[in-house]
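S.K.: The following block contains a protein sequence and its predicted model.
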Amino acid sequence: MKIVFFLPILFLGLISPLKSETKKEKEYPKYSFYAKCLDDALPRTLNNGLVWECSVKASKELDSLIQKQVSSKGDCETEGFESHACQLERSQKAFKTYYQTECTWNKYGMHYPYCEMMLKKDRLIWLDTSL
């Protein structure tokens, strides 16, 4: 008798997460510009050139979103107390140095833009959660 009540609840519990996501959200999460670019280029063969092209496109998209996040806190005013905007700008400059240094060992290969793009994506996710 307990099983009769338990099975429908279990079944509904398993089904509800499946219905809560749309197909579009499953395919392309918020910052998946790279995956979308690769899918849009599907008739082409996946090669280093396509990886480079999609990494650069995604990186530009991420750059603009990062800049929006950073500038959303206002202008940096250096009088006396350091504002949150100044801290964020300084943090962004340090991040730029970080990803350039981190990805340098691949700078002359196809993997530099991909490395840069992945770190920028992580930075944007971090900005979303911390701001």
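M.R.: Noted; the coordinates are in hand. Numbering: from 1, shown residues only.
S.K.: For the rest of this, base every contact and every neighbour count on C-alpha atoms.
M.R.: Fine.
S.K.: Which parts of stretch 57-69 count as buried, going by neighbours?
M.R.: Buried residues in stretch 57-69, defined by neighbour count with 16 or more other C-alpha atoms under 10 Å: 57-59, 61-63, 65-66, 69.
S.K.: Is it possible to get a markdown table of these that adds distance to H111 and pLDDT?
M.R.: Formatted as a markdown table, the buried residues of stretch 57-69 follow (distance: C-alpha to C-alpha, whole Å; pLDDT from 0 to 100):
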| residue | distance to H111 | pLDDT |
| --- | --- | --- |
| K57 | 14 | 95 |
| A58 | 14 | 96 |
| S59 | 13 | 95 |
| E61 | 18 | 96 |
| L62 | 17 | 96 |
| D63 | 18 | 95 |
| L65 | 22 | 95 |
| I66 | 21 | 95 |
| Q69 | 26 | 91 |
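S.K.: Which elements pack onto the top helix by length along the chain?
M.R.: Looking across the chain with DSSP state H, the single longest helix is helix 48-71. With contacts defined as 3 or more C-alpha pairs under 8 Å, 6 or more residues apart in numbering; DSSP states H and E, the packing partners of helix 48-71 are helix 33-40, helix 84-103, helix 111-130.
S.K.: and C115, what does it touch?
M.R.: Residues in contact with C115 (C-alpha atoms under 8 Å, 6 or more residues apart in numbering) are 99, 103.
S.K.: okay, it: pLDDT?
M.R.: With respect to pLDDT, C115 has a value of 92.
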